[in-house]
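Participant: Fold the stuff below for me.
(3 chains)
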Amino acid sequence: MGLINPAAGNLDDEVTTVSSISPNWVTTRLDFLTNWARANSLWPMPFGTACCAIEYMATAASRFDIARFGMERQSFSPRQADVLICAGRLPFKLAPVIRRIWDQMPQPKWSISMGACASTGGIFDNYSMVQGIDTIIPVDVYVPGCPPRPEGLMYGILLLQKKIKGETIADDMLRDEKMVGPSGLFLRPERVDELSEPFGNSVQQTRSA
Amino acid sequence: MLQPYIPLLLLLGFVIFNAIMMLGVSHIFSTYRRTAVKIAPYESGMPVLGDARERFSIKFYLVAMLFIVFDIETVFMIPWAVAFNQLTEISGLLIIEMFVFILILAVGYVYIWKRGALQWD
Amino acid sequence: MNELSSSISALRSEFGIAIEQHLVSSGQTIAYISRDRSHDVLAWLRDTPGQEFNYLTDVTAVEYRDPERPLEVVYQLRSLGRKADLRVKVALDKRAPLEVRSVYDLWRGADWLEREVFDMFGVTFTGHPDLRRILMWETYAEGYPLRKDFPLRGHFSRAEQTRQALAANPEAHYSLEELSLAESYIELPKDMQERLARGERGFLK
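Facilitator: The predicted model follows:
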């Protein structure tokens, strides 16, 4: 049980594989059981940085309880968490921190990008903000909003549960660690630029360039 | 002679077996995906700095020692209380004896008080 | 307002030519001083019995859209006893290196305030004990973000910015002792201060 080498990490996101386990009735029953267990006991790690964290706290409190969806225990240590909920904008200075926390979470792990800033950089299209945490960590569910209402976040959580219930153990690459490669990124640089491009009204923001 | 202890030994054996089984089975049947960053100690996302073995203030040791001393004193008072309850005819003598015991330990208490061992700073 | 004008007239009588101009705008008094005597003027403002500006509210800088105008370093002072504010501006010519004397020895709070101005505008404060970046990470290589010639999204591509951000190791060149003792340095005994200054990092490796 040695260490996984980052050089073996796959930076290319368009790869298809043939699984080594052929799906059959047994695997589907096992999948059903595992996925049901995982989806209904997701322990979140709230990585709250800004305003979305307040809405996350509201969602976790008594009026819009997320404990009824299985998120009974908020884990502030990545070791005991299943879902990383990045709630709030992420400056570049905080990027290595979230990457390291994501790396230190044991599999199976998922992530929810909560709010506009975590999904795309939000209104902060500038020198200091990460334009979407999907340039740094792999994201499963994006919850739009600035900030999203608690009902919005709960919809995102339920969407994640649905996604988990669709997983299968016959998929070899599902639980692979997508590590930061030797180039310093976990995606191709062109892909990072694509994801960080301005869109919508931001493309008319020419005064500052 | 050892008859009443057999259930206890069985329970002890079962507990040990249970613990070993839980850890051992998950160790055998789990997959490991260890990367260098993943097994590093968690320090809120920062790279690890320094050693976990740091110097501790001696105040903690002092408090522990003093606790032991006065706790043993309390421990001696408990069987004394049981005996006091049963030996009602010499109860006066027993009270005086206990007060002598406490007085001897109180001298020690005044000593540590005056020496400043109870001062946290 | 009368008190503030008296500050200005006292300044003028004391320093003369170093006070270049003053104006009153929206109830705030602003004094422009020359760079060479900025430290003397600020020390005088802090120490003189009638002035006593003992609280440095902020140190910041401003660069105007008009490229001809100089870059100004702004000191916002407050006299807690007299409940008076004063703004002092030092104009720095952009064609020369941007340098001004640090007021760390006058107000300890200038430590981080001047680091922020250095980080965002590139103004060097001579005499500052520890002038390094504070908002951006220390090895940030794109320049000084709040300058007018700095594009909003930075100079490098997003991929390059992400790569550099992920590679930045924030505490790489600090020792554990430095980090844990940084706040309480003043309270340490003298011999320990000397040992730390000499570079000793404790006996535990």
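Participant: so where does the nearest residue to A:R89 once chain neighbours are set aside fall, helix or strand?
Facilitator: Once flanking residues are discounted, A:R89 sits nearest to A:C117: 3.4 Å by CB to CB, 6 or more residues apart in numbering or on different chains. (Each C-beta comes from the backbone N, C-alpha and C, glycine too.) Under the criterion of DSSP states H and E, A:C117 resides in helix A:116-120.
Participant: Just the buried residues of the next helix-or-strand element following that helix, please?
Facilitator: Where DSSP H and E defines the elements, the next helix or strand beyond helix A:116-120 is strand A:141-143. Buried residues in strand A:141-143, counted by 16 or more other CB atoms under 10 Å in any protein chain shown: A:141-143.
Participant: Show me the strands in chain A, by range?
Facilitator: Secondary structure of chain A (DSSP state E): strands at A:3-4, A:44-48, A:83-87, A:110-114, A:141-143.
Participant: touching chain B at all, the second one?
Facilitator: In this case it means strand A:44-48. No. Using CB under 8 Å from any CB of the partner chain, strand A:44-48 never reaches chain B; the gap is at least 8.9 Å.
Participant: What are the contacting residues of that strand?
Facilitator: Contacts of strand A:44-48 from elsewhere in the structure, counted by CB atoms under 8 Å, 6 or more residues apart in numbering or on different chains, are A:53, A:56-57, A:60, A:66, A:71, A:74-78, A:81-88, A:98, A:101, A:105, A:112.
Participant: near chain B, which of those residues show up?
Facilitator: Of the contacts of strand A:44-48, the ones that also sit near chain B (CB under 8 Å from any CB) are A:77-78, A:98, A:101.
Participant: Closest one of those residues to A:G156?
Facilitator: A:I98 (18.0 Å; CB to CB).
Participant: show me the contacts for that closest one.
Facilitator: A:I98 neighbours (CB under 8 Å, 6+ apart): A:47, A:84, A:86, A:90, A:133, A:136-137, B:45.
Participant: Out of those residues, give me the one that has the most neighbours.
Facilitator: A:C86 (32 neighbours; other CB atoms under 10 Å in any protein chain shown).
Participant: my guess is that one meets A:G132, correct?
Facilitator: No. A:C86 is not in contact with A:G132 according to CB atoms under 8 Å; the separation is 10.1 Å.
Participant: Now do the shared contacts for the two.
Facilitator: A:113, A:118.
Participant: worst-scoring helix or strand of chain B, pLDDT-wise?
Facilitator: strand B:34-35 (a mean of 86; mean pLDDT, DSSP states H and E).
Participant: That strand near chain A anywhere?
Facilitator: Yes. Strand B:34-35 reaches chain A (CB under 8 Å from any CB) through B:34-35.
Participant: Can you give the strand pairings for that strand, parallel or anti for each?
Facilitator: According to DSSP bridges, strand B:34-35 forms sheet pairs with strand A:3-4 (parallel).
Participant: Mind checking the pLDDT average for the strand it pairs with?
Facilitator: What strand A:3-4 shows for mean pLDDT is 72.
Participant: now stretch A:171-178
Facilitator: pLDDT averaged over stretch A:171-178 gives 81.
Participant: Dead centre of chain A: give me the residue that sits there.
Facilitator: A:S111 (2.4 Å; CA atoms, centre = their mean).
Participant: and the spatially closest residue to it that is not a sequence neighbour, how far is that from A:V97?
Facilitator: Nearest residue to A:S111, sequence neighbours excluded (CB to CB, 6+ apart): A:L84, at 4.4 Å. Per CB to CB, to the nearest Å, A:L84 is found 12 Å from A:V97.
Participant: likewise C:L86?
Facilitator: Taking CB to CB, one finds C:L86 at 41 Å from A:V97.
Participant: Alongside chain C, which residues does chain A contribute?
Facilitator: Residues of chain A that fall close to chain C, judged by CB under 8 Å from any CB: A:92-93, A:95-96, A:99, A:125-128, A:130-131, A:135-136, A:180, A:183-185, A:189-190, A:192-193, A:196, A:205, A:208-209.
Participant: Enumerate the beta-bridge partners assigned to C:V24.
Facilitator: Beta-bridge partners of C:V24, as defined by DSSP bridges: C:T29.
Participant: burial count for it?
Facilitator: By other CB under 10 Å, neighbour count at C:V24 equals 12.
Participant: try C:E63
Facilitator: 20.
Participant: and what of the one 10 residues further on?
Facilitator: For C:V73, the neighbour count with other CB under 10 Å is 23.
Participant: and it, what does it touch?
Facilitator: Contacts of C:V73 by CB under 8 Å, 6+ apart are C:59-61, C:89-90, C:92, C:100, C:117, C:123.
Participant: Can you name the secondary structure element that comes next after the helix or strand containing it?
Facilitator: Here C:V73 sits within strand C:71-79, counting by DSSP H and E. With elements assigned by DSSP H and E, the helix or strand that comes after strand C:71-79 is strand C:84-92.
Participant: right, and the secondary structure at C:F125 would be what?
Facilitator: Using DSSP: H, G, I helix; E, B strand; the rest coil, the structure places C:F125 in strand.
Participant: What count of nearby residues applies to it?
Facilitator: 23.
Participant: Output the below-cut-off pLDDT ranges for the chain.
Facilitator: No chain in the question, so chain A it is. Applying pLDDT under 70 to chain A picks out residues A:1-2, A:5-16, A:206-209.
Participant: Oops, wrong one, chain C.
Facilitator: For chain C, the stretches flagged by pLDDT under 70 are C:1-5, C:17-18, C:170-188, C:196-205.
Participant: Dead centre of it: give me the residue that sits there.
Facilitator: In chain C, the centroid-proximal residue (CA atoms, centre = their mean) is C:E114; its distance is 2.1 Å.
Participant: just checking, that residue touches C:V59?
Facilitator: Yes. The pair C:E114 and C:V59 passes the contact test of CB under 8 Å, sitting 5.6 Å apart.
Participant: what is in contact with those two at once?
Facilitator: Residues within reach of C:E114 and of C:V59 at once, by CB under 8 Å, 6+ apart, are C:V103.
Participant: And the closest residue to C:A43 other than its chain neighbours, how close does it get to C:R115?
Facilitator: Take C:A43 and drop its neighbours on the chain: the residue closest to it by CB to CB, 6+ apart is C:L106, 5.7 Å away. Taking CB to CB as the measure, C:L106 falls 16 Å from C:R115.
Participant: Same check on C:A168?
Facilitator: From C:A168 to C:R115 the distance is 17 Å (CB to CB).
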